[in-house]
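J.: Sequence plus the predicted model coming up.
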Amino acid sequence: MAGLTLASPSVERRTYSPWRETWRRYRRHRLAVVSAFLLLALIAAVVFGPFVWRVSINDIDFTSRLEGPSLAHPFGTDDLGQDILARMIYGGRISLAVGLAAMAVAVLVGTLIGALAGMSRGALGHALMWLTDLFLSLPQLPLLLLLIYLFRDGLKAVFGPEGGIFILIVLVIGGLRWMPVARLVRAQFLSLREKEFVEAARALGASPLRQVVRHILPNAVGPVIIAGTIDVAAAIIAESTLSFLGLGFPPDTPTWGRLLFDAKDYLDIAAHWAMFPGGAIFIAVVAINFIGDGLRDALDARRVI
């Protein structure tokens, strides 16, 4: 056979990227993708909503009190005729900010304690885990209420009514949510510190801090991210619970939990007043939990998807 030439087909080489692979795994979780869009839409609504819906949260109109949803008031009005949509947009920024800030506190404290316990080979690690177990055994809601009662007046006097309560709620909720993160980080550190690449870094003279920052912590960040998403949802529920009990932000600060507290006496004649803030809390918490499930599947390299 003359003139027969075999042309080698051009093989397209795909560069491997861990982040691209993580995104590919995350996209397979349909509910997580939908939840991410819902959460982004919720965040965009509370951030840019005041520029679109310019109704003041303090405008009072007794002629429109307890009205249902309409074109003038898409979410209806409360017992003072105030627009519920405007108040939800304002309160949503506070509720989501509390969740994110409390998550940051919990992740930072939990990562620090878990890393110290995981790298320690002596009594320090056992003492830190004993402290973690002690905090886990405490009843969180009664302790949360007690700390709010003890310190809210002092912080209000220093930082103002809203600033003091915000700092107090963030520190208390974050200070009572770091324990699961610490246990996860410690377990990851105990496993990773014996791996070959860490032993090689140790043999080359890397200090313990360098081993943690350059080799161990980047490989333990997956479970921390997942635990952080769960903490955001738990912090939003905790803040809503405090506001519903009347121990959160001042009455003139319309967080989602405070709106539920104000609506509890009008459920039979103005159900919309409680339905919309309750729905916002439900959507935010469920979306964050599904995002955490998607991240768990995406960051777990042992799962074949």
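T.: The structure has been received and is ready for your questions. Numbers count the residues shown, from 1 in each chain.

J.: show me where the stretch 101-250 of the chain has helices.
T.: With DSSP state H, counting those that start in this stretch as the criterion, the stretch 101-250 of the chain has helices at 123-137, 140-159, 161-175, 179-192, 196-203, 208-210, 221-244.

J.: Turn those into CSV, including distance to residue 97.
T.: Every C-beta, even on glycine, is put in place using the N, C-alpha and C of the backbone. Below are these laid out as CSV (distance: least, Cβ to Cβ, whole Å):
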stretch, distance to residue 97
helix 123-137, 24
helix 140-159, 15
helix 161-175, 8
helix 179-192, 20
helix 196-203, 37
helix 208-210, 32
helix 221-244, 10
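
J.: pLDDT averaged over stretch 31-38 - what is it?
T.: Averaged across stretch 31-38, pLDDT comes to 91.

J.: outside of that stretch, which residues touch it?
T.: The contact list for stretch 31-38, computed with Cβ atoms under 8 Å, 6 or more residues apart in numbering, reads 26-27, 283, 286-291, 293-295, 297.

J.: sorry, back to before: and the helices of the stretch 101-250 of the chain: which comes nearest residue 84?
T.: Smallest distance to residue 84 across the helices of the stretch 101-250 of the chain (Cβ to Cβ): 15.4 Å, for helix 221-244.

J.: just checking, what packs against that closest one?
T.: Helices and strands touching helix 221-244, by 3 or more Cβ pairs under 8 Å, 6 or more residues apart in numbering; DSSP states H and E, are helix 84-119, helix 140-159, helix 161-175, helix 179-192, helix 256-263, helix 271-299.

J.: relative to helix 271-299, how tilted is the fifth one?
T.: Angular relation of helix 256-263 and helix 271-299 on a 0 to 180 degree scale: 160 degrees, by axes from the mean of the first three to the mean of the last three Cα atoms, to 10 degrees.

J.: Now do helix 256-263: distance to the chain's middle.
T.: 21 Å (Cα atoms, centre = their mean, to the nearest Å).

J.: Residue 153: how many residues sit nearby?
T.: When neighbours are counted by other Cβ atoms under 10 Å, residue 153 registers 9.

J.: And residue 122, by the same measure?
T.: For residue 122, using other Cβ under 10 Å, the count is 7.

J.: how close does the residue most central in space within the chain sit to residue 160?
T.: For the chain, the residue nearest the mean C-alpha position is residue 232 (1.8 Å; Cα atoms, centre = their mean). To residue 160, residue 232 is 25 Å away according to Cβ to Cβ, to the nearest Å.

J.: What of residue 138?
T.: Look at residue 138 and residue 160: by Cβ to Cβ, they are 30 Å apart.

J.: got it, and residue 200?
T.: For residue 200, the distance to residue 160 - Cβ to Cβ - is 53 Å.

J.: do the same with residue 167
T.: According to Cβ to Cβ, residue 167 and residue 160 sit 10 Å apart.

J.: Where does pLDDT dip in the stretch 201-305 of the chain?
T.: By pLDDT under 70, the weakly predicted segments of the stretch 201-305 of the chain are 300-305.

J.: Now with 80, please.
T.: The model of the stretch 201-305 of the chain has pLDDT under 80 over residues 206, 208, 215, 218-223, 226, 244-248, 250-251, 296-305.

J.: and of the helices of the stretch 101-250 of the chain, who's closest to residue 69?
T.: Minimum separation from residue 69 across these (Cβ to Cβ) falls at helix 221-244, 22.0 Å.
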